[in-house]
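S.K.: Okay, structure incoming, though there's no sequence with it:
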């Protein structure tokens, strides 16, 4: 399948993509002998389009959930990576799909937003920059978006590769 097969009118073609995701993940779960159930949920029509509400959320539940969440969700992220590559989805649309397990990623986004707000308050008070630990691109994006409307601070990603981190500066 071509990457454009999954896109229609500038968004994901949910009618084509959801069954393909369910089929691939179902096969993967069976082959790995995981005790997991997968559900692919589209974003509600009335929900705003942003990083917290992607077009599709792939939720895993079951006895083997803890395996997906070990090491800060390493296997969950790996499943997401493999699925997006197997489907040959254009990288532009990677942020339109979020893999989650037992609410882990949703809770992480809330945690990152809270951390961004606390760090911004610290920067405003101290007038000194605050540097977060290195993190993956999607998590850095959450920090940037959480503070984009705060005119008292500005954010920047600095560093290279796996050492890339968000720094908050006074405006």
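M.R.: Arrived safely, thanks for sending. Model, not experiment: these values are computed from the prediction.
S.K.: Shouldn't residue 156 be within a helix?
M.R.: No: applying DSSP: H, G, I helix; E, B strand; the rest coil, one finds residue 156 to be strand, outside a helix.
S.K.: correct me, but residue 41 touches residue 59?
M.R.: Yes: at 6.5 Å, residue 41 and residue 59 qualify as touching, with contact defined as CB atoms under 8 Å. (Glycine included, C-beta is placed from N, CA and C.)
S.K.: pLDDT below threshold where in this structure?
M.R.: By pLDDT under 70, the weakly predicted segments of the chain are 1-4, 45-53.
S.K.: how does this protein divide up, domain by domain?
M.R.: 3-102, 109-170 (automatic domain parsing).
S.K.: residue ranges for the strands of this protein, please.
M.R.: 7-8, 11-12, 37-42, 56-61, 97-101, 130-131, 153-158, 165-170 (DSSP state E).
S.K.: strands paired with the second one, and their directions?
M.R.: Strand 11-12 has the following sheet partners, assigned by DSSP bridges: strand 7-8 (antiparallel).
S.K.: re the thing from before, between residue 41 and residue 59, which is the more surrounded one?
M.R.: residue 59 (17 against 11; other CB atoms under 10 Å).
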